[in-house]
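In: coordinates only, no sequence provided:
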């Protein structure tokens, strides 16, 4: 008769293998005090002309960046 540890080895290996298949849920934790993106940083490293907390200024900056630097069509023409 085999020892119990030898008989349980395949079961233990299967359980160890299945434990690696689990994935932790990745949820957004809004309770960390993050505000809207346009509130931004209030330091010297922000884009020139942008006022922190001004949503209209934030949206205008995004539109300008989209047209001037992230649009390949306007870059080559």
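Out: Everything's here; your move. Since the model is a prediction, treat every value here as computed from it, not as a measurement.

In: pLDDT score assigned to residue 72?
Out: pLDDT, residue 72: 75.

In: how about the one 5 residues further on?
Out: Reported pLDDT at residue 77 in the predicted model: 66.

In: residue 49 and residue 64 touch, don't they?
Out: No - between residue 49 and residue 64 there is no contact under C-beta atoms under 8 Å: 9.1 Å. Placement of C-beta: from N, CA and C, glycine included.

In: more neighbours: the two, which one.
Out: Taking neighbours as other C-beta atoms under 10 Å, residue 49 and residue 64 compare with residue 64 leading, 13 against 9.

In: helix, strand or coil for the more buried one?
Out: With DSSP: H, G, I helix; E, B strand; the rest coil as the basis, residue 64 sits in helix.

In: if I look at it, how far off is residue 21?
Out: Noted for residue 64: a distance of 47 Å to residue 21, by C-beta to C-beta, to the nearest Å.

In: same check, this time on residue 47
Out: Using C-beta to C-beta, residue 47 is found at 45 Å from residue 21.

In: repeat for residue 67
Out: Residue 67 sits 46 Å away from residue 21, going by C-beta to C-beta.

In: do the same with residue 15
Out: As judged by C-beta to C-beta, residue 15 and residue 21 stand 11 Å apart.

In: cool, and residue 70?
Out: 39 Å.

In: mind checking how far the most centrally placed residue in the chain is from residue 35?
Out: Closest residue to the average C-alpha location of the chain: residue 28 at 9.0 Å, with C-alpha atoms, centre = their mean. Taking C-beta to C-beta as the measure, residue 28 falls 14 Å from residue 35.
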